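*Asks:* Turn this into a structure:
(one chain, ligands or ions: 1)
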Amino acid sequence: MLLERQVMIKLIAFDADDTLWENENFFFEVHEQYAEFMTKYVPKEEMLQHLHETEMRNLQPLGYGIKAFTISLMEAALSITNNKIDPEDLSHILQMGKGMIERPVHLLDGVTEVLEKLQGRYKLITITKGDLLDQNRKLRKAGLADYFTDFIVVNEKDESTYTGILEKYRVDPKHFFMVGNSMKSDVIPALEIGAHAAHIPFRYTWQHELAEHNGRYENLYELKHMCELLNIDLLKG
Ligand SMILES: [Mg+2]
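*Replies:* Numbers count the residues shown, from 1 in each chain. Now for the predicted structure:
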């Protein structure tokens with residue numbers, strides 16, 4: 001029985017942001033700095049709420065990533081001040097967002113070790129949301145490109161996204177294992193199509209990525225650390 005299970009997985013996909021490298025902490029820091037900076041116009045909580053609403057409205061037309069976020073920072077500052085914001089302040093906000101592109105990429109603990117062990121035994125790919133240019137830049141900076149046969153940047157991670165990718169790879173969902181920090185984007189849609197998934201929460205979760213599940217998934221692995229992937233029987237083949 002164990003042997004049968006051991007040969008089941010053919011394709012493992014990793015989410016990138018907050019699964020392979022730190023990301024949300026940068027957004028969290030900028031949210032805080034921005035709201036502090038804007039206290040000359042509005043109370044912090046009001047600004048944060050307004051920014052969140054602006055970001056949510058912009059997801060559909062602009063997608064994820066730093067470019068969309070920077071536009072939201074500026075748009076929220078303009079709208080909450082009725083376009084009365086000092087241009088110097090707006091310029092400062094532009095730099096807050098744009099400056100995020102210069103941040104170093106910090107790999108999360110255990111990532112290289114785990115990829116090293118899984119490489120060669122499984123086909124490894126990355127499936128990430130975000131801006132194509134920025135995600136590719138981070139992959140290069142992270143030095144992880146050689147571990148993956150594909151680095152897929154998508155607009156949204158839902159069931160049809162995963163189904164489409166698996167069709168392209170001609171892999172049945174039961175032979176697919178998804179690893180990620182977001183219950184909403186990485187875990188639930190993969191489980192819903194009959195794949196296996198590991199949830200490894202990062203220390204910050206964007207409000208938009210929070211999701212509840214009712215614990216009925218047999219193929220869900222709740223992990224605290226990337227290295228625990230290597231203890232999963234299914235991945236010991
Ligand atoms: Mg993520």
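*Asks:* Could you check the pLDDT of Leu115?
*Replies:* For Leu115, the model assigns a pLDDT of 97.
*Asks:* By residue count, which strand of this structure is the longest?
*Replies:* Across the chain, the longest stretch assigned as strand under DSSP state E is strand 123-129.
*Asks:* okay, that strand in PDB with CA atoms only?
*Replies:* Taking Å, rounded to 0.1, in the frame of the first residue of the first chain, the C-alpha atoms of strand 123-129 are listed here in PDB:
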ATOM      1  CA  LYS A 123       9.100  17.400 -11.800                       C
ATOM      2  CA  LEU A 124       9.100  20.700  -9.900                       C
ATOM      3  CA  ILE A 125       7.300  23.800 -11.100                       C
ATOM      4  CA  THR A 126       6.300  27.200  -9.600                       C
ATOM      5  CA  ILE A 127       2.800  28.600  -9.900                       C
ATOM      6  CA  THR A 128       2.500  32.200  -8.700                       C
ATOM      7  CA  LYS A 129       0.300  35.200  -9.000                       C
END
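*Asks:* and it, what does it pack onto?
*Replies:* strand 11-14, strand 150-154, helix 159-169 (3 or more CB pairs under 8 Å, 6 or more residues apart in numbering; DSSP states H and E). For the C-beta atoms, the positions are set from N, CA and C on the backbone; glycine is no exception.
*Asks:* Using a markdown table, please lay out these together with mean pLDDT.
*Replies:* A markdown table is the format used below for those (pLDDT from 0 to 100):
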| stretch | mean pLDDT |
| --- | --- |
| strand 11-14 | 98 |
| strand 150-154 | 95 |
| helix 159-169 | 97 |
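*Asks:* Can you say which of those is nearest to the ion?
*Replies:* Among those, strand 11-14 comes nearest to the ion, with 9.4 Å by CB to the ion.
*Asks:* Going by neighbour count, which residues in the helix or strand following that closest one are buried?
*Replies:* Under the assignment DSSP states H and E, the closest C-terminal helix or strand after strand 11-14 is helix 24-37. Neighbour counts over helix 24-37 (16 or more other CB atoms under 10 Å) mark 24, 26-27, 30-31, 34-35, 37 as buried.
*Asks:* thinking again about what came up before, of all the helices and strands packed on strand 123-129, which lies closest to Thr54?
*Replies:* Each of the helices and strands packed on strand 123-129 has some distance to Thr54 by CB to CB; the shortest is strand 150-154, at 22.8 Å.
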